[in-house]
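Asks: Output the structure for:
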Amino acid sequence: MVWVLDSTLREGEQTPGVYFDKHIKLAIANLLDEIGVDIIEAGHPMVTPEIHAAVKAIAQKNFNAIVGAHSRSLKQDVDLALECGVKFIGVFYCVSDERLNNVFKKDLDEAIKQITDIIKYAKSQKPDLLIRYTPEDTVRSQFDNVVKASVAAVEAGADIISVADTTGFMIPGKRSMYDYISRLKEEFNKRNLNPKVAVHCHNDRGLALANALDAYRAGVDIIDATALGLGERAGIVDLAQLLVVLSVDFGENRWNLPKLIELYDLVSKHSGIPIPSNFPITGKNAFTHCAGVHTHAASINPMHYESLNPAVVGRERSFALDHMSGIASLRYALKLIGESELDETIQFDILQEVKSVGQRGRTVDLTELKHIVDAVKHHQTYKQD
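Replies: Have a look, this model is predicted:
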């Protein structure tokens, strides 16, 4: 059973211009707990006093989910996180030779000492604390460095090693996350170590979900995601897409998926990031059929043009009327408004009006369709007079 870590309140706030007030953070955390995510990464308390207060408030909510905090590999960060009462801390430190030499001016052994010292310190302060260590930009760092630092971290007390595709570098079948996770787990097995392995996939190439599923196939234990895929640059794995695929296609049926719609509306409203109409699962058009051939077939059996039932997330399929509509979709809509007995000539006149509206870049909803029906019927009556 894979765990899902939601980082909307931490990674999500790294989206330029996004900040959630404390009461909104609490509301988001409530919904995440109702949905059933395993870990809520509530923020990095060192960033601002307001984030510190919000993390503390969320940690006190007695959720089923484990509430965690982000932390640099520094004592003052860990102390502030522990003060919040979290049960999970995620520490990070790079291990690539280039970053260590050019940015931190230290060698790998010095970096590992800092990493292991902070893990031992955190564990000594709270023995049941769940600790995740992330070698930043894991997949572009020297693999031997990642293994050496990760093994030392586990031996120092880390429970989770997170593989970070910090720049969205991985590509299934080319630079494979499946291969990477498999190799790393093999290195742990050789040493009789058994940490949980997590994956944090950025979406720079639009492949975050594909890479996360590649990691899942390799047996990863935890996958990170955010509502709306919020995060640095192009963000990370979208939570709704991940949960629906894991539920529908891989049998991980333990999340309250209909709550996702409420969560996305809340996150979108308070982040100022609209949900794209064509976004899978939560977008306005995700379950809307438009073209005449599609609507005709889908009105008979939706599975002709759907591989996901909208009821999975508590939504309903719909049929849009515009310039692409055919007579079948119009008749379906007329039936919905109680006008299925119109003669065929009037139906085709209505269809022409609908197409005319569609060519102006709009769709016709059922309310407007009633007005078009009334107008066409009136016109027909006028012609007969």
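Asks: And the lowest-mean-pLDDT helix or strand in the chain, what's buried?
Replies: Ranked by mean pLDDT, DSSP states H and E, the weakest helix or strand in the chain is helix 292-300, scoring a mean of 73. Within helix 292-300, the residues that qualify as buried are 292, 294, 295, 296, 297, 298, 299, counting by 16 or more other C-beta atoms under 10 Å. In short, each C-beta sits where N, CA and C put it, glycine included.
Asks: So which elements touch whatever helix or strand residue 40 lives in?
Replies: Element membership of residue 40 [criterion: DSSP states H and E] is strand 39-41. Using 3 or more C-beta pairs under 8 Å, 6 or more residues apart in numbering; DSSP states H and E as the contact test, the elements touching strand 39-41 are strand 3-6, helix 22-35, strand 66-72, strand 88-94.
Asks: Including distance to residue 176, could these go into JSON lines?
Replies: Below are these laid out as JSON lines (distance: least, C-beta to C-beta, whole Å):
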{"stretch": "strand 3-6", "distance to residue 176": "22"}
{"stretch": "helix 22-35", "distance to residue 176": "30"}
{"stretch": "strand 66-72", "distance to residue 176": "28"}
{"stretch": "strand 88-94", "distance to residue 176": "22"}
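Asks: mind checking which of those is nearest residue 220?
Replies: Among the helices and strands packed on strand 39-41, the nearest to residue 220 by C-beta to C-beta is strand 3-6 (9.5 Å).
Asks: Sheet partners, orientation included, of the closest one?
Replies: When pairs are called by DSSP bridges, strand 3-6 turns out to pair with strand 39-41 (parallel), strand 222-225 (parallel).
Asks: Show me the one of those that comes nearest residue 18.
Replies: With C-beta to C-beta, the closest approach to residue 18 among those belongs to strand 39-41: 14.9 Å.
Asks: Mind checking the pLDDT average for that closest one?
Replies: Regarding strand 39-41, the rounded mean pLDDT is 98.
Asks: contacting residues around that strand?
Replies: The contact list for strand 39-41 (C-beta atoms under 8 Å, 6 or more residues apart in numbering) reads 3-7, 9-11, 29, 32-33, 58, 63, 65-70, 88, 90, 222, 224.
Asks: Which of those residues are buried, as a PyMOL select command?
Replies: Buried subset of those, written as a PyMOL selection, criterion 16+ other C-beta under 10 Å:
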select buried, resi 3+4+5+6+7+9+10+11+29+32+33+58+63+65+66+67+68+69+70+88+90+222+224
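Asks: that older thread, out of the buried residues of helix 292-300, which one sits closest to residue 312?
Replies: For those, the nearest to residue 312 is residue 298 (16.5 Å; C-beta to C-beta).
Asks: OK, contacts around that closest one?
Replies: Here residue 298 is in contact with 289, 304, 305, 306, 317, 319 (criterion: C-beta under 8 Å, 6+ apart).
Asks: In strands only, show me those.
Replies: Judged by DSSP state E, the subset of the contacts of residue 298 located in strands is 289, 319.
Asks: Mind checking which of the contacts of residue 298 are buried?
Replies: For these, burial is judged from neighbour counts taken by 16+ other C-beta under 10 Å, and it is met by 289, 305, 317, 319.
Asks: Give me the neighbour count for the nearest residue to the third one once chain neighbours are set aside.
Replies: In space, residue 317 comes closest to residue 287 once its chain neighbours are excluded; the distance is 4.5 Å by C-beta to C-beta, 6 or more residues apart in numbering. For residue 287, the count of nearby residues is 20 (other C-beta atoms under 10 Å).
Asks: just how off-centre is the least confident helix or strand of the chain within its chain?
Replies: From the chain centre to the centre of helix 292-300 is a distance of 31 Å (C-alpha atoms, centre = their mean, to the nearest Å).
Asks: residue boundaries of the helices in the protein?
Replies: Listed in chain order, the helices of the chain (DSSP state H) span residues 22-35, 49-59, 75-83, 97-99, 108-125, 143-156, 177-190, 208-217, 239-250, 259-271, 292-300, 327-336, 344-358, 366-384.
Asks: residues in contact with the closest residue to residue 20 other than its chain neighbours?
Replies: Distance criterion C-beta to C-beta, 6+ apart; nearest residue to residue 20, sequence neighbours excluded, is residue 270 at 5.6 Å. By C-beta under 8 Å, 6+ apart, the contact set of residue 270 is 20, 21, 24.
Asks: Could you do residue 245 as well?
Replies: 209, 213.
Asks: any low-confidence regions in the protein?
Replies: The chain contains residues with pLDDT under 70 at 380-385.
Asks: one more time with 90, if that's ok
Replies: Scanning the chain for pLDDT under 90 picks out 253, 287-306, 316-321, 324-329, 331-333, 335-336, 340, 365-366, 377-385.
Asks: about what we covered before: tell me the spacing between the residue nearest to residue 20 and residue 264.
Replies: Using C-beta to C-beta, to the nearest Å, we find residue 270 at a distance of 11 Å from residue 264.
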